[in-house]
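J.: Requesting a structural model of the entry that follows:
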Amino acid sequence: MHCAACAATLKKSVCEDFKSSLQKCDVKMGSIAVQGDHLDMPAIQKAITDAGYEVASSSPAAPAVETKSATPAKKK
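T.: As a prediction, this is how the structure comes out:
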């Protein structure tokens, strides 16, 4: 994700849609960091891919999880 519009898309797809389980959701150019007690990481990662981005890395064991370098996936 390399532009403000992309960041806004992921903010809506993750921060707003999962707000009940998130204590923190920080979207920056190229990354999104989420923190919460009962995160459903597979569902969050699916929301990222459903929005048209790839999850480059994540760390489900860490209290603060960051997916880096979400880049637009090729649309078919």
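J.: Neighbours of the residue nearest to residue 43 when sequence neighbours are not counted, how many?
T.: With C-beta to C-beta, 6 or more residues apart in numbering as the criterion, residue 43 has its nearest non-adjacent residue at 7.5 Å, and that residue is residue 18. Placement of C-beta: from N, CA and C, glycine included. When neighbours are counted by other C-beta atoms under 10 Å, residue 18 registers 17.
J.: from the chain's centre, how far out does the longest helix along the chain sit?
T.: For the chain, the helix with the greatest residue count under DSSP state H is helix 41-50. Distance, stretch centre to chain centre, for helix 41-50: 7 Å (C-alpha atoms, centre = their mean, to the nearest Å).
J.: Doesn't residue 27 belong to a strand?
T.: Yes: secondary structure of residue 27 (DSSP: H, G, I helix; E, B strand; the rest coil): part of a strand.
J.: residues in contact with residue 8?
T.: Applying C-beta atoms under 8 Å, 6 or more residues apart in numbering, we find residue 8 in contact with no residue.
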